[in-house]
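Peer 1: give me the fold of what follows.
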Amino acid sequence: MKENHIINLLESVPFASLSESDHREMRVHTTSCDDCARAYKAAVVSTSLLKEGAGEVFEPSPFFQTRVLAAIREQQSEVRGLARLWRAAGALASSLAATVALLAVLSVMVPSTQTNADASAFNRYSAEEVILDQTEIAQGQVSDAEVLSALYQSDEDER
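Peer 2: Down below sits the predicted model:
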C-alpha cells in the first residue's frame, strides 16, 4: 500500500466499512505521506461528526404538526375553490362560445332576407322626391336653387 496512496481508497470506499487491517495499513502509510495523513485525519473527523449527528434526536415544536396540517388544508381549500369557480365559469364560457358559433353560422349560412328589389324599395324615395313632391326626378337634375325655392315657397304662400 506504500506505493499506492490511500486517498484513492478513501474516495472509493466508505470509511466506516474499512476493516481493521486496512486501518492499520493506512496509519502506517500516513507516517511517510503528508497528503494521505491529512486525508486520513479528515476522514476520521468527518466519520465521528456523522456518528454524533446521527445520534441526535430532533424534536419539532409542539405546534409544528398543527401548523403544517393547517397550511396543507388551506392550500387544498384554495385549490377546491378554484376548481369550483372553474366549473361554474366553464359552463358560462362554453355557453357563450356556443352562442357566438351559432350567430356566426346564422350570419353566414342564412341567405339575406333583403334582395336587390327590396333594397330599391327602401331607396325609392330620395330627399328631393319627398321635398319637391316629384316622383320622376333623376339624380343630378335637381339644382340647389330648385330645392331651396321649393322649401321656402310654401313659407311665402302662407303669408
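Peer 1: show me what the lengthiest helix in the chain is packed up against.
Peer 2: Ordering each helix of the chain by length in residues (DSSP state H) puts helix 64-109 first. Helix 64-109 is packed against no helix or strand, with contacts defined by 3 or more CB pairs under 8 Å, 6 or more residues apart in numbering; DSSP states H and E. (Glycine included, C-beta is placed from N, CA and C.)
Peer 1: could you chop the protein up by domain?
Peer 2: Annotated domains of the chain cover 6-55, 62-109, 123-158 [automatic domain parsing].
Peer 1: distance check, Gly53 against Gly90.
Peer 2: Distance from Gly53 to Gly90, counting by CB to CB, to the nearest Å: 52 Å.
Peer 1: Val57 now?
Peer 2: With distances taken as CB to CB, Val57 is found 50 Å from Gly90.
Peer 1: more neighbours: the two, which one.
Peer 2: Gly90 (10 against 5; other CB atoms under 10 Å).
Peer 1: can you give me the pLDDT of that one?
Peer 2: With respect to pLDDT, Gly90 has a value of 84.
Peer 1: hmm, back to that, what about the longest helix of the chain, distance to the chain center?
Peer 2: Centroid separation between helix 64-109 and its chain, computed with CA atoms, centre = their mean, to the nearest Å, is 14 Å.
Peer 1: what's the answer for stretch 144-155, then?
Peer 2: The chain centre lies 68 Å from the centre of stretch 144-155; the measure is CA atoms, centre = their mean.
Peer 1: pull the CA atoms of that stretch into PDB?
Peer 2: The C-alpha trace of stretch 144-155 is given here as PDB (Å, rounded to 0.1, in the frame of the first residue of the first chain):
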ATOM      1  CA  ASP A 144     -79.800  73.500 -55.100                       C
ATOM      2  CA  ALA A 145     -81.700  76.600 -56.100                       C
ATOM      3  CA  GLU A 146     -84.800  74.500 -57.000                       C
ATOM      4  CA  VAL A 147     -84.600  72.700 -53.700                       C
ATOM      5  CA  LEU A 148     -84.400  75.900 -51.800                       C
ATOM      6  CA  SER A 149     -87.100  77.600 -53.700                       C
ATOM      7  CA  ALA A 150     -89.400  74.600 -53.100                       C
ATOM      8  CA  LEU A 151     -88.700  74.700 -49.400                       C
ATOM      9  CA  TYR A 152     -89.200  78.400 -48.900                       C
ATOM     10  CA  GLN A 153     -92.100  78.700 -51.500                       C
ATOM     11  CA  SER A 154     -94.500  77.200 -49.100                       C
ATOM     12  CA  ASP A 155     -93.500  79.700 -46.400                       C
END
